[in-house]
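**Q** coordinates only, sequence not included:
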């Protein structure tokens, strides 16, 4: 939510659903810029603020939002009440700044809904078993919304964002990228994990785990647009692969620009080597994505993996300082300028030849494939960063994604 | 607390006390302007925001403050932890925006102090029996501080304010007003209720009820000033009338500028008349201060009382609309430009002639006394607003308050 004008518009939109007879729970985000403002104050004071106190601080942004939205709803003559995460309560573990939801009590929410109230709940935050305030990390309001929808067994969870749905790929890269009316949960999960930023991946995981019908739609439309239209706008994340979808083999092209590749050369090929290399990387909280181990030659092998580009230097340092000599490797090398491009679609399950079509297309464009990783419904390749846009456009075209 | 610079200074000051071996609990206010900013947002959205949601909103200001102060203390290498009102918990009644503290749990605070931590607690707020956030109203952080000091049986409660203590009268009115080293709790209570704005009256009541030794001192001094000096700065509110104080008959001159006087003329003098006049005023949440009923003549009397000037028009309307005809009064009249001046001092108990000296002084200055009200340790007079400063100066001088 942005200014108080934005808050009033959100209230108008919520009021529209409420007046049409829907029982509504709203999970607003903090006001635009507020979380950054608060964290900026902390940074002014300390280079290393404690995570517990950061959560205490950042959670105030959403608390102010729920109060203001409840006030705006009341100004629309709607009975509304706001709750913080600890009031619901939304119980989480104690991992400050990136806590995970453990349970949500639905009693208070349902009794307010029964009384005809709109319930406004803070996203992004909860309370741990010792009564400390926790936050779920950036984008956590989406996760809260889906988790609350699951807890109260909502018919549908509407996620209003600054985009109007999920696209076949990023429209900034491919001009004729097309908005999808529907996408399966599994495809959405792959899209989210592969770098499509529409929804936080944890919210998609929650939607999948609890089978929450979730719709991604635009918060920038006229709040008074006809309800019928709004109900069918955006992209619905479904759990059925219905007949209309079978035609579409590929749903979208996802990409992650800022990847980095690291190779440990000349590693003696014996059991436990992968753990000895990746263990210290995981201990440093660095996410490893693609992993390849080459066929060994003369008892030695090369071990390659990717990490987020921001963690590249740190990863190299860990390997050089603590791992290389320990495992008797020859050397450590890498490339911080690589990107990952993926084709995603449940149709792959029943269609063969997607991989070969993808590889041929990239080959025709003269793009070298450095690594490959596959799952049941996606194929990812790692390529030189400078070819990323070219690859996405070529693949979008060859799989005819601009056509509904 | 103002900017992050101010917060760092508060942390330095607290660190100084902690390092000297004191066990410290801190109750910071919201950052300067923050409460007004938040309430301004609510006003932007609704002319009549609900009190529950206002408390939800306003309480975020203090929550952000405690987190930031804990972060600043940690940056000073001090183990610090912050708590909100509901985490302690500070239990209150459900009177949103003006709640009263009912109990404070000391367990968590004492166990943190035992562990060597500085404990930072939100002022101004608590939690009611249903788990709703409440606030104590403006200035409530002082009250929270004194109440918490009482709960943990603190040796002393230091209230850092923007003045450096309690003065014999307002230095803006009398140039040679003198800071008092000590004042008794009863005198402080009279001074606070008579318009001296140094402390919120409820914090003084708490200090009295639980006998909390409270010191009012300046937050604007160098945070690194020697502890010995700081410990003896400001004004101590005591419970003993010690020998050094006996000499001082009068401690100070208090005044309330914005008063209004209302007279109901020609009221039939029969039992219950005061209640019939003042009941509807109290029902409208208007504070009545001084009250006089004249000697009746021919079974009729005049009834005069004072209200805050801001409530003058509303009081007149209530009397004219619903009271006057009902009690068969002749007419309602008033004066919105009157002020109250009071001399305060425990020494009055053992000294006679204070009242007559006060009245003579005002008479010599040609100031007419419109109403008089007395207690054991204060005498108040109502006078024309335009003579207020003159009266305060003359009384300050005649009681020799500029001399220690």
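**A** Looks like it came in fine. What you see is a predicted model; the values in this text were computed from it and never measured.
**Q** for the residue of the stretch 151-300 of chain A found nearest chain B, what are its contacts?
**A** Distances between the stretch 151-300 of chain A and chain B by Cβ to the nearest Cβ are smallest at residue A:223, namely 14.6 Å. No exception for glycine: its C-beta is placed from N, CA and C like everyone else's. Contact analysis of residue A:223 by Cβ atoms under 8 Å, 6 or more residues apart in numbering or on different chains lists A:9-10, A:12-13, A:16.
**Q** Among these, which ones lie close to chain B?
**A** Counting by Cβ under 8 Å from any Cβ of the partner chain, nothing from these sits close to chain B.
**Q** Show me the residues you listed that map onto helices.
**A** A:9-10, A:12-13, A:16 (DSSP state H).
**Q** any idea which element the residue of the stretch 151-300 of chain A closest to chain B lies in?
**A** If you go by DSSP states H and E, residue A:223 is not part of any helix or strand.
**Q** Check the gap between the nearest residue to residue A:354 once chain neighbours are set aside and residue A:185 for me.
**A** By the measure of Cβ to Cβ, 6 or more residues apart in numbering or on different chains, the closest residue to residue A:354 outside its immediate chain neighbours is residue A:348, 5.1 Å from it. The gap separating residue A:348 from residue A:185 is 16 Å, by Cβ to Cβ, to the nearest Å.
**Q** swap in residue A:257?
**A** In terms of Cβ to Cβ, residue A:257 sits 25 Å off from residue A:185.
**Q** and what of residue A:339?
**A** Relative to residue A:185, and taking Cβ to Cβ, residue A:339 is found at 26 Å.
**Q** Kindly report the same for residue A:330.
**A** 44 Å.
**Q** who has more neighbours, residue A:257 and residue A:185?
**A** residue A:185 (21 against 16; other Cβ atoms under 10 Å in any protein chain shown).
**Q** For the more buried one, give me its contacts.
**A** Contacts of residue A:185 (Cβ under 8 Å, 6+ apart): A:204, A:207-208, A:237-239.
**Q** And the nearest residue to it once chain neighbours are set aside, which helix or strand is it part of?
**A** Excluding its sequence neighbours, the residue lying closest to residue A:185 (Cβ to Cβ, 6+ apart) is residue A:208, at 4.5 Å. Element membership of residue A:208, judged by DSSP H and E, is helix A:201-209.
**Q** average model confidence for the helix or strand following that helix?
**A** With elements assigned by DSSP H and E, the helix or strand that comes after helix A:201-209 is strand A:214-218. Strand A:214-218 carries an average pLDDT of 94.
**Q** Now strand A:214-218: buried residues?
**A** Neighbour-count burial for strand A:214-218 flags A:214-217 (criterion: 16 or more other Cβ atoms under 10 Å in any protein chain shown).
**Q** and if you look at stretch A:276-285?
**A** A:276-278, A:280-281.
**Q** next one: stretch A:263-272
**A** Under 16+ other Cβ under 10 Å, the buried positions of stretch A:263-272 are A:263-265, A:267, A:269.
**Q** and if you look at stretch A:127-147?
**A** Buried, per 16+ other Cβ under 10 Å, within stretch A:127-147: A:127-128, A:132-137, A:139-147.
**Q** measure that stretch end to end?
**A** Length of stretch A:127-147, first residue to last, Cα to Cα, to the nearest Å: 15 Å.
**Q** and it, average pLDDT?
**A** 92.
**Q** is it up against chain B anywhere?
**A** Yes. Against chain B, stretch A:127-147 shows contacts by Cβ under 8 Å from any Cβ at A:131-133.
**Q** now do stretch A:69-88
**A** Yes. Residues of stretch A:69-88 are located near chain B by Cβ under 8 Å from any Cβ, namely A:70-72, A:74-75, A:81-82, A:84, A:86-87.
**Q** What's the end-to-end length of that stretch?
**A** Start-to-end, stretch A:69-88 (Cα to Cα) is 17 Å.
**Q** per-residue confidence averaged over it?
**A** Stretch A:69-88 comes out at a mean pLDDT of 98.
**Q** State the distance from the closest residue to residue A:260 other than its chain neighbours to residue A:318.
**A** Spatially, and ignoring its direct neighbours in sequence, residue A:260 is nearest to residue A:312 (3.8 Å; Cβ to Cβ, 6+ apart). Counting by Cβ to Cβ, the separation of residue A:312 from residue A:318 is 11 Å.
**Q** Does residue A:404 lie in a helix or a strand, and which?
**A** Using DSSP H and E, residue A:404 falls outside every helix and strand.
**Q** Who are the contact partners of it?
**A** Residue A:404 neighbours (Cβ under 8 Å, 6+ apart): residue A:178.
**Q** re the thing from before, and the residue nearest to residue A:260, how many residues sit next to it?
**A** 21.
**Q** likewise residue A:336?
**A** 18.
**Q** and the buried residues of stretch A:276-285, which of them are in helices?
**A** A:276-278, A:280-281.
**Q** Was I right to think residue A:68 contacts residue B:42?
**A** Yes. Between residue A:68 and residue B:42 there is a contact at 6.5 Å, judged by Cβ atoms under 8 Å.
**Q** who's more crowded, these two?
**A** Neighbour comparison, residue A:68 and residue B:42: the larger count goes to residue A:68, with 30 against 22 (by other Cβ under 10 Å).
**Q** ok, and the closest non-adjacent residue to that one?
**A** Nearest non-adjacent residue to residue A:68, counting by Cβ to Cβ, 6+ apart: residue A:7, 5.2 Å away.
**Q** and what of residue A:311?
**A** Residue A:311 sits nearest to residue A:286 (Cβ to Cβ, 6+ apart), 4.4 Å away.
**Q** Tell me the buried residues in the helix or strand residue A:72 falls within?
**A** Residue A:72 is part of helix A:51-75 when elements are defined by DSSP H and E. By neighbour count with 16+ other Cβ under 10 Å, helix A:51-75 contains the buried residues A:51-75.
**Q** Next secondary structure after that helix?
**A** strand A:80-83.
**Q** which residues touch that next one?
**A** Taking Cβ under 8 Å, 6+ apart as the rule, strand A:80-83 contacts A:66-67, A:69-70, A:73-74, A:108-109, A:112, A:117-122, B:52-53, B:56.
**Q** May I see the buried residues of stretch A:13-24?
**A** Buried positions in stretch A:13-24, judged by neighbour count with 16+ other Cβ under 10 Å: A:13-18, A:23-24.
**Q** An error on my part: the question was meant for stretch A:224-240.
**A** A:230, A:233-238.
**Q** Just the residues you listed: which are in strands?
**A** Residues from those lying in strands, with DSSP state E as the criterion: A:235-238.
**Q** Next SSE downstream of the least confident helix or strand in chain A by mean pLDDT?
**A** Scoring the helices and strands of chain A by mean pLDDT, DSSP states H and E places helix A:243-246 at the bottom, with a mean of 50. Sequence order places strand A:252-268 as the next helix or strand after helix A:243-246, per DSSP H and E.
**Q** Mind listing the strands that next one pairs with, and their directions?
**A** Within its sheet, strand A:252-268 is paired with strand A:300-308 (antiparallel), strand A:331-344 (antiparallel), according to DSSP bridges.
**Q** Run through who's touching the following helix or strand past the first one.
**A** Secondary structure here is assigned by DSSP H and E; on that basis, the next helix or strand after strand A:300-308 toward the C-terminus is helix A:312-318. For helix A:312-318, the surrounding residues in contact (Cβ under 8 Å, 6+ apart) are A:260, A:262, A:280-281, A:284, A:286, A:307, A:332, A:334, A:336.
**Q** Please identify the buried residues of helix A:312-318?
**A** So helix A:312-318, judged by 16+ other Cβ under 10 Å, has buried residues A:312, A:315-316, A:318.
**Q** closest to chain B among those residues?
**A** Nearest member of these to chain B, counting by Cβ to the nearest Cβ, is residue A:318, at 27.4 Å.
**Q** Lovely, talk soon.
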